[in-house]
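In: here you go, sequence then predicted model.
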Protein chains: 2
Amino acid sequence: MGLGGYAERVAEAMQQCERAKVAGLISGTPEKLVKWGQKYNIPESSRYNYDNFDAIKDNPDIDAIYVITPNALHHDQVIRSARAGKHVICEKPLAISAKEGQEMLDACNNAGVKLLVGYRMRFEPNTLEVVRLRNAGAFGRLKFFQGQCGFVAGDPKQWRLNKALAGGGSLMDIGIYAINGARYMLGEDPVWVSAQETKTDPVKFKEGVDETIQFELGFPSGAVASCLSSYNISHLDRFFLTGEKGFAEMWPSTGYGPIKGRTHQGDLGKPHTVHQRTQMDEMAAIIFDNNTPTLPVDGLTALQDLQIIEAIYRSCASGKREPIKLS
Amino acid sequence: MGLGGYAERVAEAMQQCERAKVAGLISGTPEKLVKWGQKYNIPESSRYNYDNFDAIKDNPDIDAIYVITPNALHHDQVIRSARAGKHVICEKPLAISAKEGQEMLDACNNAGVKLLVGYRMRFEPNTLEVVRLRNAGAFGRLKFFQGQCGFVAGDPKQWRLNKALAGGGSLMDIGIYAINGARYMLGEDPVWVSAQETKTDPVKFKEGVDETIQFELGFPSGAVASCLSSYNISHLDRFFLTGEKGFAEMWPSTGYGPIKGRTHQGDLGKPHTVHQRTQMDEMAAIIFDNNTPTLPVDGLTALQDLQIIEAIYRSCASGKREPIKLS
């Protein structure tokens, strides 16, 4: 659902998948439905628009709907997809508020369908190797995580810079990687946040669209994280994890790859994979085999990320450290 | 003055200096005066203790006194040195409060002697090369600085973990490097700070002795900095500077070396130097030739660092972003 640039990337990657393929299309642009339909050999009976896609309910060729649309649309689209009885994969962020996210979880639970979130990094080999090493004690007791995520946002007219569609700014889109990283690298969930917002270009980054946010997280173990989210700083995309016995660095850490990972013991040497291909095969295994992934990609995890995002925005507004309470 | 471990390092380095040498000794330990006196060929008439060192006033062989003692002692010792008519080099931090620092500046001004601070990194070749590149516009408009400074403090009985002698904890000793780095890498002074303190070991790090502080600084240009100061996290010591056109990384960035620096264009390839040797020769040039160093090492710069430190401690206490006002 949503045949934009990222959907193209996912569909391309799925051509190499073993267990997932494009079986249907949903778009508001008739020309895209024709073009994609021809390219992926999708019969007209499996091409839908935003008015009629509820009819997917009666289409046995489609097992799951991957929602790749602007953030503010996820809520209704995921709920409608669930009501059509289809499993749902939703791009991140799950929604533009925790309240919406909870409603989406409820709808999927009530419909008996799975809700997964497009957290592709959670299947990436370097990432999983760092997590494996951490679990094996390679870094000792963990002390600190740093996640620096940002790039210079181009086109000022893109939906990501439109509060109504994006629900926020850099934090919703790119800062969420640092939140994710903090949680899966440290292996625990934060209990407080302190955040500062800086805006240097209020024309491009309007009210409610954050340009740069620095945020610090505290964890029950005493570990801390320093994170950066920006639509106006480049040369970032670095994760760093350090503990009593050693460290891991990933730089780049979340781009489309190749991801480069190393520890105090040397390069991880993991091969590059097309993230979206791995993601889709792994998600097929979750959906069809009830597989449990090493790092969760379920709706609850994504809802918790929204709760952290809301705490970050609260801290930016209050100028104070704010507690984080997760579902 | 003060013949401890760091003084040994400085004295060793000065044996390779061209313009500085050990010409006198001040210590509270008679055995050290004998041992050092023999090693550096210092006549008994140039060996002093803390009771009688004011008599240095009448010793024409001594041009300057390098104060290398616990932080809380700097104030009185620098003022006495100034009153003895000698130039003073004081180890960092200059003092344990901005009020003390101001009194020390005043005393040196009144005595007509120079006050320099042992900021050795301000003469380090990689550091200066990054500053040169920045000034040449290699990074474009600057956006972000990260300074991560910390190590695991050993002996729990050392004076650095004693509030009365250290005046604080990690921030006074190691976090100050990140403050320095933020200022000289970005080339401007911060106007706000938000800081969070985390303590996991209240036995080792007692009341008033900070174990770990994360602090974020904002600058007039809109650039921001994320810094970490810790006595309980290792594998740090990294500076990172990024701007519109490129970045610089120094890792390690402030240890005794070798410092490793690189930019988006590759390794800086600067040779390792013994920091203290360069520092002492350069400081001799400041004292004797009124040389102006690329990066200032004067008392005012160090007083401003204390004002930033006090703002950081204020923010830790208030839980809020605090403004920074510098002399």
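Out: Now that the structure is in, tell me what you want to look at. All of these numbers come straight from a predicted model, not from anything done at the bench. Numbering: from 1, shown residues only, chains lettered A, B, ... in the order given.

In: which pLDDT does the model give the residue of the stretch 201-327 of chain A found nearest chain B?
Out: Across the stretch 201-327 of chain A, no residue is closer to chain B than residue A:222, which sits at 3.5 Å (C-beta to the nearest C-beta). Using the backbone N, CA and C atoms, a C-beta is placed for each residue, glycine as well. pLDDT for residue A:222: 97.

In: where does the spatially closest residue to residue A:153 that is not a sequence neighbour fall, phi/psi-wise?
Out: If the residues on either side of it in the chain are set aside, residue A:153 comes closest to residue A:231, at 4.0 Å by C-beta to C-beta, 6 or more residues apart in numbering or on different chains. The phi/psi pair for residue A:231 (degrees, to the nearest 10) reads phi -100, psi 10.

In: can you pull the contacts of residue A:231?
Out: A:150-153, A:160-161, A:169-170, A:173-174, A:205, A:210-212 (C-beta atoms under 8 Å, 6 or more residues apart in numbering or on different chains).

In: check which residues of the helix or strand that contains residue A:284 are buried.
Out: Element membership for residue A:284 (DSSP states H and E) is helix A:275-289. Going by neighbour count (16 or more other C-beta atoms under 10 Å in any protein chain shown), the buried part of helix A:275-289 is A:275-287.

In: could you dump it to PDB, C-alpha only?
Out: Extracted in PDB, the C-alpha atoms of helix A:275-289 (Å, rounded to 0.1, in the frame of the first residue of the first chain):
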ATOM      1  CA  HIS A 275      18.000  -5.200   4.200                       C
ATOM      2  CA  GLN A 276      14.500  -5.300   2.800                       C
ATOM      3  CA  ARG A 277      15.000  -8.700   1.300                       C
ATOM      4  CA  THR A 278      16.100 -10.200   4.600                       C
ATOM      5  CA  GLN A 279      13.300  -8.300   6.400                       C
ATOM      6  CA  MET A 280      10.600  -9.700   4.100                       C
ATOM      7  CA  ASP A 281      11.700 -13.300   4.300                       C
ATOM      8  CA  GLU A 282      12.100 -13.100   8.000                       C
ATOM      9  CA  MET A 283       8.700 -11.400   8.400                       C
ATOM     10  CA  ALA A 284       7.200 -14.200   6.200                       C
ATOM     11  CA  ALA A 285       8.600 -16.600   8.800                       C
ATOM     12  CA  ILE A 286       7.000 -14.700  11.600                       C
ATOM     13  CA  ILE A 287       3.700 -14.600   9.900                       C
ATOM     14  CA  PHE A 288       3.500 -18.100   8.500                       C
ATOM     15  CA  ASP A 289       5.600 -20.000  11.100                       C
END
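
In: could you give me the average pLDDT of that helix?
Out: 98.

In: what packs against that helix?
Out: helix A:5-14, strand A:115-117 (3 or more C-beta pairs under 8 Å, 6 or more residues apart in numbering or on different chains; DSSP states H and E).

In: would you map out the domains in chain A?
Out: Chain A breaks down by automatic domain parsing into domains covering A:5-117, A:121-270+A:299-323.

In: so which of those domains is the most packed in?
Out: Comparing the domains of chain A by mean neighbour count (mean count of other C-beta atoms under 10 Å in any protein chain shown), domain A:121-270+A:299-323 ranks first with a mean of 21.

In: ok, which residues in chain A are in contact with chain B?
Out: Along chain A, the residues adjacent to chain B under the rule C-beta under 8 Å from any C-beta of the partner chain are A:143-144, A:146, A:148, A:152, A:194, A:196, A:198-200, A:212, A:214, A:216, A:218, A:221-222, A:224, A:226, A:228, A:230, A:232-236, A:238, A:242, A:244, A:246-247, A:264, A:319-321.

In: kindly reformat the contacts of residue A:231 as a markdown table containing pLDDT.
Out: Output for the contacts of residue A:231, formatted as a markdown table (pLDDT from 0 to 100):
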| residue | pLDDT |
| --- | --- |
| A:150 | 97 |
| A:151 | 97 |
| A:152 | 97 |
| A:153 | 96 |
| A:160 | 97 |
| A:161 | 98 |
| A:169 | 98 |
| A:170 | 98 |
| A:173 | 97 |
| A:174 | 98 |
| A:205 | 98 |
| A:210 | 98 |
| A:211 | 98 |
| A:212 | 98 |
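
In: which part of the stretch 51-200 of chain A gets nearest to chain B, residue-wise?
Out: Counting by C-beta to the nearest C-beta, the stretch 51-200 of chain A gets nearest to chain B through residue A:200 (3.5 Å).

In: tell me what the strand or helix carrying residue A:227 is packed against?
Out: Using DSSP H and E, residue A:227 maps to strand A:224-230. Under the contact criterion of 3+ C-beta pairs under 8 Å, 6+ apart, strand A:224-230 touches strand A:142-150, helix A:176-186, strand A:212-218, strand B:142-150, strand B:212-218, strand B:224-230.

In: dump those into a markdown table; add distance to residue A:119 as well.
Out: A markdown table is the format used below for those (distance: least, C-beta to C-beta, whole Å):
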| stretch | distance to residue A:119 |
| --- | --- |
| strand A:142-150 | 14 |
| helix A:176-186 | 6 |
| strand A:212-218 | 18 |
| strand B:142-150 | 25 |
| strand B:212-218 | 26 |
| strand B:224-230 | 24 |
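
In: for residue B:95, find the nearest of the ones you listed.
Out: Minimum separation from residue B:95 across the helices and strands packed on strand A:224-230 (C-beta to C-beta) falls at strand B:224-230, 17.9 Å.

In: gap between the closest one and the chain center?
Out: The chain centroid and the centroid of strand B:224-230 are separated by 16 Å under C-alpha atoms, centre = their mean, to the nearest Å.

In: ok, residues contacting the helix or strand that that strand is followed by?
Out: Elements were assigned by DSSP H and E; along the chain past strand B:224-230, the next helix or strand is strand B:238-243. Applying C-beta under 8 Å, 6+ apart, the contact partners of strand B:238-243 are A:233-236, A:238, B:130, B:134, B:139-148, B:181, B:185-186, B:247-254.

In: for the domains of chain A, give me JSON lines that also has distance to residue B:39.
Out: As requested, the domains of chain A are exported to JSON lines (distance: least, C-beta to C-beta, whole Å):
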{"stretch": "domain A:5-117", "distance to residue B:39": "64"}
{"stretch": "domain A:121-270+A:299-323", "distance to residue B:39": "38"}
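
In: these two touch, right, residue A:204 and residue A:156?
Out: Yes - under the criterion of C-beta atoms under 8 Å, residue A:204 makes contact with residue A:156 at 4.9 Å.

In: now do the contacts for residue A:270.
Out: A:125-126, A:129, A:259, A:261.

In: can I get those in CSV including secondary structure?
Out: CSV is the format used below for the contacts of residue A:270 (DSSP: H, G, I helix; E, B strand; the rest coil):
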residue, secondary structure
A:125, helix
A:126, helix
A:129, helix
A:259, coil
A:261, strand
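
In: distance of the nearest residue to residue A:25 once chain neighbours are set aside from chain B?
Out: Among residues not flanking residue A:25 along the chain, residue A:47 sits closest, at 4.8 Å (C-beta to C-beta, 6+ apart). Remark: distance between residue A:47 and chain B (C-beta to the nearest C-beta, to the nearest Å) = 44 Å.

In: wait, doesn't residue A:47 sit right on residue A:28?
Out: No - counting by C-beta under 8 Å, residue A:47 sits too far from residue A:28 to count as a contact (11.9 Å).

In: just the ones of the contacts of residue A:231 in helices?
Out: residue A:170 (DSSP state H).

In: pLDDT at residue A:269, what is it?
Out: pLDDT, residue A:269: 89.

In: and the contacts of residue A:270, which two are the farthest apart?
Out: The distance between the two most remote of those (C-beta to C-beta) is 10.2 Å, for A:129 and A:259.

In: given the helix or strand harbouring residue A:193, what are its sheet partners and their directions?
Out: Secondary structure assigned from DSSP H and E places residue A:193 in strand A:192-198. Strand pairing for strand A:192-198, using DSSP bridges, gives strand A:212-218 (antiparallel), strand A:322-323 (antiparallel).

In: just list the residues touching residue A:79, thanks.
Out: Here residue A:79 is in contact with A:103-104, A:107 (C-beta under 8 Å, 6+ apart).
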